[in-house]
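Engineer: with the input below, show me the fold.
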Amino acid sequence: MTGPDAPPPGGPRAAAGSAHAAAEAAEREAPGLSAAGREGLSAAEWEGLSDAERERLVSPLADADERFIEGALRPKRLDEIIGQTRVREQLSLVLEGALRRGRAPDHVLLSGPPGLGKTTFAMIIAAELGAQLRITSGPAIERAGDLAAILSTLGERDVVFIDEIHRLARPAEEMLYLAMEDFRVDVVVGKGPGATAIPLQIAPFTLVGATTRAGLLPAPLRDRFGFTAHLDFYEPAELEVIVRRSAGLLGVALRGDGAEEIARRSRGTPRIANRLLRRVRDYAEVRADGVVTRTLARVALELYEVDEEGLDRLDRAVLSALVTRFGGGPVGLSTLAVAVGEEAETVEVVAEPFLVRGGLMARTPRGRVATPAAWQHLGLDPPESPGLAIPGSLFE
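Structural biologist: Numbers count the residues shown, from 1 in each chain. Okay, here's the model as predicted:
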């Protein structure tokens, strides 16, 4: 067997060695920070993030360096993906059906929080179809002409991936409607009353859109996707398998209990799991014998201020202020932010989602409230107050 899909000489062991070498090379050659590699963020928006968000070990966002390293750790085929069983099976039917018919599959919309594998799925879709992949993001397409330049150079059945598609500029979004349905774009020549729209046929293609905020997608755009899928957070057992796989690619000596400890603190997100693995590896190589065990992982992650539930310094600061300074709440967002020395937006966007999802904080019409689990996490006894975590009042 020859060609791009042929196994390397030496069989599976050689393939594993090749993957290991690729992962190491990715770490050595990681480029400097660039606007193209961020999670749907423009350069100005990335610079606008607080230091608390950009430097968090448990942030689901990734900069260019990390995305470059992630490329060597990503699965390359659908059957290599760990977790997301329902999405994987549904997508395999869509792709197999399109291959048998010899046509481009329906457009695909992937939604879910950052770090769960939307970009990986887009790359795998192109690989399964044997097609070229064009990658861009919503903020990067500022004008309709930017989109027309991409679509007009596509080949038959190519795949276009638009990350953070809900942030497309309105003119580009309207051009996309026609391209998705009729595989045509109208290029406007001239200005004013003399402007002329020239129809330009484009090759049939598959659009893969990814969004972290599906509710912001306009209905006309959302309805043009033939297949939509939501990626869920991963179970600890699934993350443990991912950590083991990444450790093999990175050449990390990892014990089973060490993988379990890292997975448990990864907040259900593969990107965070891989990041924690690399930091624990650093600790193991510098201060120990290089073998990652449960005990070593605990010591390393305590040094990096990631506790047993995956909370970091900011998370604990918010909980501690809510419990010790305000008696568990309710307290307003702005007041809580001042108490921890952060911007209100940082607390709301960075810390709150995981605290609410973990059942440690409730959002009520009167303000933020600490649940009994928050008191217990801080080693305190919750007060006997009926106002804590009122069922049905989790969202404002």
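Engineer: show me what the helix or strand harbouring residue 186 packs onto, helices and strands only.
Structural biologist: With secondary structure defined by DSSP states H and E, residue 186 is part of strand 184-189. In this structure, strand 184-189 packs against helix 144-151, helix 170-182, strand 196-201, with contacts taken as 3 or more CB pairs under 8 Å, 6 or more residues apart in numbering; DSSP states H and E. Where C-beta positions appear, they are placed from N, C-alpha and C, glycine not excepted.
Engineer: the last one pairs with which strands, parallel or anti?
Structural biologist: Using DSSP bridges, strand 196-201 pairs in its sheet with strand 184-189 (antiparallel).
Engineer: now do the partner strand, average pLDDT.
Structural biologist: Taken as a whole, strand 184-189 has a mean pLDDT of 78.
Engineer: same question for stretch 93-112.
Structural biologist: Rounded to a whole number, the mean pLDDT of stretch 93-112 is 93.
Engineer: what is the end-to-end distance of that stretch?
Structural biologist: Start and end residues of stretch 93-112 are separated by 21 Å (CA to CA, to the nearest Å).
Engineer: please renumber the chain so that the first residue is 47 from this point on.
Structural biologist: Fine by me, first position is 47 from now on; the one you just mentioned is stretch 139-158.
Engineer: just the buried residues of it, please?
Structural biologist: If you call a residue buried by 16 or more other CB atoms under 10 Å, then stretch 139-158 has these buried ones: 140, 141, 144, 150, 151, 152, 153, 154, 155, 156, 157, 158.
Engineer: which SSE is the first one in?
Structural biologist: When elements are defined using DSSP H and E, residue 140 is found to belong to helix 131-147.
Engineer: can you name the residues in contact with that helix?
Structural biologist: If you take CB atoms under 8 Å, 6 or more residues apart in numbering as the criterion, helix 131-147 is touched by 124, 127, 150-152, 154, 167, 171, 174-175, 272-273, 275-277.
Engineer: of those, buried ones?
Structural biologist: So, by 16+ other CB under 10 Å, the buried ones in the contacts of helix 131-147 are 124, 127, 150-152, 154, 167, 171, 174-175, 273, 275, 277.
Engineer: inside strands: which ones of the residues you listed?
Structural biologist: Using DSSP state E, the members of these that fall within strands are 154, 273, 275.
Engineer: tabulate those (CSV), appending distance to residue 261.
Structural biologist: Output for those, formatted as CSV (distance: CB to CB, whole Å):
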residue, distance to residue 261
154, 18
273, 19
275, 16
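Engineer: can you name the residues in contact with the strand holding residue 232?
Structural biologist: Outside strand 230-235, the residues that touch it by CB under 8 Å, 6+ apart are 190, 193-194, 197-198, 221, 224-225, 241-248.
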